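Undergrad: Return atomic coordinates for the entry below.
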Amino acid sequence: MNPDIAIITQSLLNPEDASQIGIGGIETWLSEFSRLLVDMGYTPFIYQTSDKEYEIKFNGSIIIGTGTVNRHKMCRLSHEDIKNRQIKWIVYATSSVGEKYFKPGQIFIQHGIHWDYTNTRPNIAQHIKWEMIRRKLSRHNLKMFRKSRLTISVDTNFLNYARIRLGQYFDNNKITYIPNFAIPQKEADWKGKWDRDEGINIIFARRFVSRRGVHQFAIAVERLLGALPKINVLIAGTGPLESFLRNKFRNTEQVVIEAIPHEEITAHLNRSHIAVIPSTYSEGPSFSCLEAMASGCAVIATNVGGLCNLVFPDFNGLLIKPTIKEIELAITQLSNDRSFAKELAYMGYETASRAFSLDLWRTRVYKALTRAGIGDLTKNLTNS
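TA: All right, here's what the predicted structure looks like:
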């Protein structure tokens with residue numbers, strides 16, 4: 001009989017529709033992590049928020065909808081069920097599911113510093129309130145790390161932040177840096193775009209929220225449409241800023257805004273020359289950035305969070321400040337210098353293939369778990 005392991009997350013499946021898997025970096029990470037645990041001989045029980053109770057078998061895992069969309073109640077119900085099932089190991093897939101019920105000696109997945117928004121709020125009271133929340137989030141993440149048996153940090157920002165904040169109490173043996181991953185595409189699927197005499201295809205494939213640099217990117221593109229008549233821009237995604245984008249580009253055929261399922265985005269990346277990742281805060285080692293590299297795109301990324309672990313300036317992409325002007329200049333540079341853009345794209349592909357492949361990620365996670373003594377991992381690691 002396979003040993004059980006519990007995973008607590010906000011959502012893997014859509015809380016309102018269990019037939020749909022959630023779209024986002026954490027969901028992508030968790031899908032592959034649970035698949036790895038199955039290959040290692042575990043049966044993962046994945047607990048999440050949901051509008052009704054259910055148990056669903058999913059790729060060798062069992063997803064348990066707790067029947068509540070309240071995160072704290074979900075955590076309480078999850079721990080009660082874990083105790084009843086006598087499951088020894090718990091993986092906290094994000095810091096948000098460990099605020100009140102984190103059990104010491106377990107596994108914590110730290111997805112990057114998400115409290116780095118420091119802009120002044122509309123009034124002093126809101127600004128003070130946000131600063132208090134920021135400090136609380138910081139303390140909570142540091143506490144989970146200190147009390148965990150193993151913390152997997154997906155970027156070096158939190159790693160170094162914890163070293164600074166904890167000082168002599170920082171325990172190197174409890175934390176390991178394992179960056180996110182990409183699946184390198186077949187070269188035949190993307191190399192041809194760089195040899196064809198055509199316009200420059202630019203893609204922005206992120207959720208339409210402020211922290212992903214939607215406003216800055218849109219304004220930069222708006223300024224460039226007249227100066228760069230050969231660019232074609234695909235803005236792929238959904239989110240609360242969709243109406244802003246559609247209003248801004250309602251009169252231009254150069255810009256297409258479309259909700260594209262994650263499983264179809266690779267085909268669009270394979271046809272794109274430039275991918276822009278203009279995040280302004282709350283960013284880890286972006287899956288969108290790695291997926292663009294793995295499809296032979298020349299990447300323009302801002303020097304925010306975990307993006308600095310992926311992009312090496314003028315080697316495998318451009319690393320810029322998160323401002324409208326720098327986005328505008330970078331797009332102009334690569335659009336006008338196709339050979340340089342191609343060089344960056346090829347090096348980006350090599351980077352994704354050699355340093356951030358899914359196979360390498362699986363090996364890194366497997367070794368981290370075994371070193372931490374998480375369960376009886378006697379089965380051979382296979383990539384199914």
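Undergrad: residues in contact with Ile300?
TA: Under the criterion of Cβ atoms under 8 Å, 6 or more residues apart in numbering, the contact list for Ile300 reads Ile274, Ala275, Val276, Ile277, Pro278, Gly317, Leu318, Ile320, Ile327, Ala330, Ile331, Leu334. Yep, even glycine has a C-beta here, placed from its N, CA and C like the rest.
Undergrad: Top of the residues you listed by number of neighbours, please.
TA: Val276 (32 neighbours; other Cβ atoms under 10 Å).
Undergrad: Kindly confirm my reading that Ala18 is in a strand.
TA: Yes. Counting by DSSP: H, G, I helix; E, B strand; the rest coil, Ala18 is located in a strand.
Undergrad: Compute the number of surrounding residues for it.
TA: Ala18, neighbours per other Cβ under 10 Å, totals 18.
Undergrad: Now do the same for it: its pLDDT.
TA: Per-residue confidence (pLDDT) for Ala18: 82.
Undergrad: which residues touch it?
TA: Under the criterion of Cβ under 8 Å, 6+ apart, the neighbours of Ala18 are Ser50, Tyr54, Ile56, Ile63, Gly65.
Undergrad: let's go with 10 Å and repeat that
TA: Leu12, Gln48, Ser50, Asp51, Lys52, Tyr54, Ile56, Phe58, Ile63, Gly65 (Cβ atoms under 10 Å, 6 or more residues apart in numbering).
Undergrad: and it, how far is that from Ile8?
TA: Ala18 sits 17 Å away from Ile8, going by Cβ to Cβ, to the nearest Å.
Undergrad: what does Glu198 give?
TA: On the measure of Cβ to Cβ, Glu198 and Ile8 end up 48 Å apart.
Undergrad: Among these two, which residue is more densely surrounded?
TA: Under the criterion of other Cβ under 10 Å, the comparison of Glu198 against Ile8 puts Ile8 first, with 27 against 11.
Undergrad: For that one, list each beta-bridge partner.
TA: Tyr47, Tyr92 (DSSP bridges).
Undergrad: ok, for Gly22, nearest residue in space, not its chain neighbours?
TA: Using Cβ to Cβ, 6 or more residues apart in numbering and skipping the chain neighbours, the partner closest in space to Gly22 is Ser11 (5.2 Å).
Undergrad: What is the burial count for that neighbour?
TA: Using other Cβ under 10 Å, Ser11 has 23 other residues around it.
Undergrad: neighbours of Ile128, just the number please.
TA: The number of residues packed near Ile128 is 11, by other Cβ under 10 Å.
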